[in-house]
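Novice: output the structure for:
(chains A and B)
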Amino acid sequence: MSGRDEDHGVDPVTTEIVRNGVIAVTEEMKTNLMRTAYNMIIYEALDFTVGLFTAKGETVSIGLGLPTFIRGMGETVRQKLAKFGTDGIAPGDILVTNDAYITGSHLNHITMTLPIFDGEVLVGFACCMAHWPDVGGTLGGMTTDIYSEGLQIPILKAYRAGVPNQDLIDIIRNNVRLPDRAMGDWRAQLTAIKTGERRFLELVRRYGRQSVLGGISRIMDLSEAAARARTRTIPDGVYEAESFMDDDGVDVGKPIPIRVKVTVEDDTMTIDLTEVSRQVRGFYNSGLTTGFSCTQVAYKCMTSPTDYPINDGSFRSLTSIVPKGRIVSAVKPAPMRWWMTFPMTIIDTVFKALAPAIPDRVAAGHHADLIIGNINGILPKERRFYLGIMGPQGGGWGAKLTEDGLSATVCLNDGDTHNGPVEQVEAKYPIIIERHALIQDSGGAGRHRGGLGIEKIVESRAPMNFGTQVDRVHCPPWGLAGGLAGFGNKVRLRRAGKEPEDFSNAKVLAAVLREGDATILCSGGGGGFGPPHERPAAHVAEDVRQGYVSIEAAARDYGVIVDPETFAVDEAATAARRAVLAAAPQRSAGA
Amino acid sequence: MRDNTTPALRLAADIGGTFTDIAAFDETTGRLMLGKALSTPDRLVDGISAGVAKAGTRYRDAGLFLHGSTIAINTILERTGAHTALVITEGFRDIYEIGRINRPDAYNLYFKRHVPLIERALRLEVPERLYAEGTVRRTLDEAALRRIAADLARRGIEAVAVLFLNAYANPVHEVCAKAILEKCLPGVFIAASHELSQEYREYERCSTVAANAYIGPRVQGYLDGIEDHLDTEGFAGTFLVVQSTGGLFEAERARTQCIRMLESGPAAGVIGTRALCRAIGLDDAIAFDMGGTTAKAGVIYGSEALTTGSAMLGGYATGLPVQIAMMDIFEVGTGGGSIARIAEAGTLRVGPESAGAEPGPACYARGGVEPTVTDANLHLGRLGADRFLGGEMRLDPEAALRALRTRIATPLGMDVTAAADGILRIATTAMSYAVKGVTTERGLDAASFALVAYGGAGPLHASAVAGELGIETVIVPRAPGHFSAFGMLFSDLRYDFVRTWFAALDRAPFDEMEARYAGMEAEGAKAVHSARLGTGAVAVARAADMRYVGQEHAVTVELPAELIRAGDRAAIKARFDAVHERRYGTSAPEEAAEIVSLRTTVSGTLAKPPLERIEAGGAAPPSRAGAGTRSAYFAEAGGFVATPVFARAGLLAGNRIEGPALVEEYASTTVVQPGDRVTVDAFGNLVIACRGRRR
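Specialist: Residues are numbered from 1 along each chain as shown, chains lettered A, B, ... in the order given. Have a look, this model is predicted:
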């Protein structure tokens, strides 16, 4: 067999078998969590992450879940280990926390960790983060510190040697609005981590502890080598870019700057977030763990997008600089309830920075928001309190060097996240959806076009409370290499039969809707790539025929004159218009 | 109507990508006859006729012609369907394109999503709307629909799918729209979503009806061609088609509910497994089917094949959903043609890329240069170079060796035999995940099942896969390469119904529930009787999709009609808790449950042929079964060992063979591992007792 120095005593065949094995373990954890969860955020939105970790807390395999939680569980496992020490953890223990400054996210993320023992030996951890729909705290509206956001559970033992911590369970039950649901999700999470334990131990017994642990070390080394090799193909240099968020919901209209600096040197990359905004008063902050997640997600997308399992080996060649007190490294008592919006734009901005160096490995800006509407009220028939979530809605993604952007796809924060079917939410909540459709012209024009956003109009059939926290209205998804920006996100309300009113920053902290009132949420389109006048005229005409692009936008942005009846291209008029566009200075935003 | 003058031959034809398999059963003599012919894609009936002749049978002697085909699935995967339009509720034409918005390949900026079968320009909206309760919010605008129909006629549309929101709760507008479209568009294939699924989830139902319309005209033409051919050849019996559940339905019904025949071949293999299990008294078995590009696993549990209510066509990430009853089959991209490659940074991968039939594995010597699972089997002596397809096709061991050495062994610093063995080990674990997918992930213990192996490559790998899972018994049926056609002979008429019906269990109105079941069952009974096959009993199996209040995902719970008629809420709840516990290892007996959908399956039982018995012999195989020895590699035996080879056709009931050994037949080779012991049973099955390999 191979005599390499770094083979950890494991041959390529065993390594591949272990690789398939750990992926299968986290996939099964994921399946079991999804199917036993009580809340739509876990089942449909897949707002969870499961994973296997080494005995030192390194990530071995992650089942997504939430792509930007790539760091959250590993960090939590390591802090739990630091708190109790290896000696303080015994078989049958299960550790829990929702400390926002550890997970880097919000208090809804209950994170449970099970140490896996092979006999007496700690061989790893199974971990599961899942989003609970309610952890107490202020219902709706804005929060300006963590204490108003709900129950904070420090790192504790939820089970001690197999015995549940009833005190903790009672405290939780007393602090959340839907205790039975919460306990349903609690059980689902237990199922997931126990599945991870059982299946990992099966692997250990089948192939031997040394082979499995050696195989894991080798997988991580191979991932490192792959990431380094891909990094080496990026020209050395310093790359910078900036963008901004609309506001933090408190200081309305005050933009929040985002500046990133990326240094590539040989097979290493440094991503510096020193110049992103300081933490804000509104609830859009996240913790340091998420600052690191931002850099890891960006790095993985550019260097090892399809390398599975997702493991820490891929990040050994990445250095992250994230000083404390930024929007993605906020310190207590910063509010964090809507932690997930800003990081997506930071990651997109890293792609923007590297676009000149590796145009084939990045995409133009995307809609970068979950586009969620929260509703609550009393069900008219059952007379029961409900909490409902409309979304995530999905929107446009940026075009690439060689492809159009995809329409109607969930934002970067989420991965295998599903929307809720119209027929499902209408059966569950007192609403009726009037329209669920792509928005014409919302994709940024370019040689490759950005994907389209979605408009969703939801009418109330009974009084209810509504809130939404959308951003990126004023910094629409940017184009690259001469491509134009897509439409930004947009929120409107139609009340008392009047014309819909526009919310300039797309944030509605607390509104009361009556029967017949409607919310209109529009997700943005993706940015375009390359000058629009270089898009083949036949492709533009086809977009017009399908209704993705209007006849007016075809002429204005692409310089293609299309016959409204036959969709034929007027070649002469097109050539003339395109000559004008080619001569004009490049525009940075949509017309 | 069948009577005493009806010919007593039952013919089954399974058309696959490479071969057309025929199985025929003569009810008077009890004889089973088999024929295999190359498929003839340009005129598929030619392949059927060749197979029928090879089996030594004639159409005119047959009373039943049973047929499974890949026509439906291929039309979708190859995008060769009709010019199709979608008529949909105003405001919703994009739901087919929006889908569920997910990105499973989460860090890949070049991710792909599903591509609808119907372009946006042909998705047309009509004013109408129902509430979730099924009451009308906005009446169907019939005039607008007529204008759309006129426009579609001008555009030369061949098929139209109709999807209205909440039609699962009340199909009134879909029924009306279909009638109008049929009147305005004579000769055009029209399908409405409620005819296929009355389950909620608009995107999945839309995709289902769109696919049905898209394949409709082509499937109709295909069925017409077969009917014409049968007529010409003097067939005067009944033509039945295999559904994705493995159940049969009349060709006439298949003409409108085409989507139900998507996976007929794989489903029929599971039905064959069920028949085999019943004959030999096995309750639980895994149906393991391995071919050139994939390995598939289905489950027989408590003597019944497990089915599911939905599937993704073309894979999870970019596939199109269909929401109809199907055999619950888990598939992995590992087959004989799976290519072994060294991925980035020196990792060894096997599949999912396949060398297919062209160029095929390196050893086919048709230009393939990459090593495959088949090349590894040849190098290790598991396959004989001069025995492939009964010796009709010679394999090239030098080509296999060259591919294994240059592409895998040398770059990884391994010897060629270790590389070949490693490729098979990786393939084995990958296939074991297909089996786990339908067992452990359903809360079933794979180790307590027998593994029934078929398909060309199944018997080569079954013992190794069994070892991976702790399975102790492997059964290789007779003619494993014809097993899907064989399975069709054992199927029944089957009609599946589902209605979404939300109700809290503790308040559910049982009289209304009973009425809904009865309505579906009356429809099913009518279908059984209209098939006029003089079937025996009409069997009904009820189930309900249930969940705890607040949960999103439901599990299907079998519900005997007596429980519903008696209104026994506690017993129903206990059944649900038990299913939840088995499937997920957790349940909450103290928590309230709710019903999401009602399901019922109506079957018209057909008489089954008895399994043919073979001649009995002693423990030692007769000399005519001996086919010499071949040097084959078994890691457990320490390397290459002289391995006895047997010709399966010569084996007698009661013969025993100790591993290591190889049993060869026309389209397959069974690998008997060291320590395994084979007994040939009364029906000619190879029953392999796997040594006590523990997990």
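
Novice: now stretch B:315-329: buried residues?
Specialist: Within stretch B:315-329, the residues that qualify as buried are B:317, B:320-329, counting by 16 or more other CB atoms under 10 Å in any protein chain shown. (C-beta placed from N, C-alpha, C; glycine too.)

Novice: which parts of the stretch 201-350 of chain B sit against chain A?
Specialist: B:201-204, B:344-350 (CB under 8 Å from any CB of the partner chain).

Novice: all helices of the stretch 51-200 of chain B, in order?
Specialist: B:71-77, B:95-98, B:142-154, B:172-184 (DSSP state H, counting those that start in this stretch).

Novice: of all those, which one is nearest A:Leu406?
Specialist: Nearest to A:Leu406, of all the helices of the stretch 51-200 of chain B, is helix B:95-98, at 10.3 Å by CB to CB.

Novice: low-confidence ranges in chain B?
Specialist: Counting by pLDDT under 70, the low-confidence segments of chain B come to B:1-7, B:345, B:534-536, B:692-695.

Novice: where does the stretch 1-150 of chain A get nearest to chain B, residue-wise?
Specialist: Closest approach between the stretch 1-150 of chain A and chain B, counting by CB to the nearest CB: A:Val13, at 3.3 Å.

Novice: so what are the domain limits for chain B?
Specialist: Listed by automatic domain parsing, the domain ranges of chain B are B:9-75+B:221-243, B:79-218, B:493-604, B:623-689.

Novice: residues contacting stretch B:509-520, please?
Specialist: Outside stretch B:509-520, the residues within contact range by CB atoms under 8 Å, 6 or more residues apart in numbering or on different chains are B:497, B:499, B:501, B:503, B:542, B:561, B:564-565, B:567, B:595, B:598, B:600, B:602.

Novice: which ones among those residues lie within strands?
Specialist: B:497, B:499, B:501, B:503, B:542, B:595, B:598, B:600, B:602 (DSSP state E).

Novice: biggest separation within those residues, which pair?
Specialist: The distance between the two most remote of the ones in strands among the contacts of stretch B:509-520 (CB to CB) is 22.3 Å, for B:Ala503 and B:Val602.

Novice: so which of those two has more stuff around it?
Specialist: More neighbours surround B:Val602 than the other of B:Ala503 and B:Val602, with 24 against 17 (other CB atoms under 10 Å in any protein chain shown).

Novice: which strand residues bridge that one?
Specialist: B:Val602 forms beta bridges with B:Tyr495, B:Val540, as assigned by DSSP bridges.

Novice: wait, it sits on B:Lys526?
Specialist: No: contact between B:Val602 and B:Lys526 fails when scored by CB atoms under 8 Å: they sit 9.3 Å apart.

Novice: and residue 58, what is it in contact with?
Specialist: Because you didn't say which chain, this covers chain A. Contacts of A:Glu58 (CB under 8 Å, 6+ apart): A:74, A:220, A:311-312.

Novice: correction: the question concerned chain B.
Specialist: Per CB under 8 Å, 6+ apart, neighbours of B:Arg58: B:52, B:233-234.

Novice: quick one on the thing from earlier: farthest-apart pair in the residues of the stretch 201-350 of chain B next to chain A, please.
Specialist: Maximum distance among these (CB to CB): 47.1 Å, for B:Glu202 and B:Gly346.

Novice: in terms of neighbours, single out the busier of those two.
Specialist: Remark: of B:Glu202 and B:Gly346, B:Glu202 carries more neighbours, 26 against 19, as counted by other CB under 10 Å.

Novice: and the more buried one, how far from B:Arg442?
Specialist: From B:Glu202 across to B:Arg442, the span is 27 Å (CB to CB, to the nearest Å).

Novice: then A:Asp404?
Specialist: The spacing between A:Asp404 and B:Arg442, counted by CB to CB, is 40 Å.

Novice: and the helix or strand containing B:Gly269, what's buried?
Specialist: Secondary structure from DSSP states H and E places B:Gly269 in helix B:264-280. Of all the residues in helix B:264-280, those buried under the rule 16+ other CB under 10 Å are B:264-277, B:279-280.
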